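sequence plus predicted model, see below.
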Amino acid sequence: MTASNASHTPQRPWWSFGHVWLLIAGPAIVVVAGFFTFYLAVRMPDPVLSTQVAAPNVGQGADISQAPAVQARNHAATGSLPVPATGQKP
């Protein structure tokens with residue numbers, strides 16, 4: 001082929017190449033996933049949790065699973081119930 005023959009061949013448009021769509025598909029999928037995540041966040045928001053700490057009633061027959069984490073860990077290690085802090089009813 002000579003240079004004069006090559007210049008007369010019709011050029012394909014950019015959108016007819018598969019590699020272009022492969023490059024466009026990645027960011028497009030991320031944008032769609034972002035909108036879907038936003039939809040889920042607006043549609044089903046997480047509940048607001050209370051910031052008040054519940055006082056454990058360990059000495060009054062309460063379940064040990066309701067005790068603070070350190071007391072529960074100590075109970076698991078020693079096998080004895082935690083002693084109530086001073087000022088609380090036994």
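Received, thanks. Residues are numbered from 1 along each chain as shown.

tell me where the chain has helices.
Secondary structure of the chain (DSSP state H): helices at 3-6, 18-43, 69-78.

pick the most buried one from those helices.
Taking mean count of other CB atoms under 10 Å as the contact definition, the stretch among the helices of the chain with the greatest mean neighbour count is helix 69-78, which reaches a mean of 12. C-beta: built from backbone N, CA, C; applies to glycine.

circling back: can you tell which of the helices of the chain is closest to residue 51?
Residue 51 lies closest to helix 69-78 among the helices of the chain, at 17.5 Å (CB to CB).

identify the residues contacting residue 21.
Taking CB atoms under 8 Å, 6 or more residues apart in numbering as the definition of contact, the neighbours of residue 21 are residue 15.

ok, it to residue 10 distance?
Applying CB to CB, to the nearest Å, the value for residue 21 to residue 10 is 21 Å.

let me know how buried residue 47 is, in neighbour terms.
The local packing of residue 47 (other CB atoms under 10 Å) involves 5 other residues.

tell me, what's the model's pLDDT at it?
Looking at residue 47, its pLDDT is 84.

so in the chain, where's the weakest helix or strand by average pLDDT?
Within the chain, no helix or strand scores below helix 3-6, which has a mean of 58 by mean pLDDT, DSSP states H and E.

about what we covered before: nearest to residue 52, out of the helices of the chain?
Distance to residue 52, taken as CB to CB, is lowest for helix 69-78 among these, at 17.3 Å.
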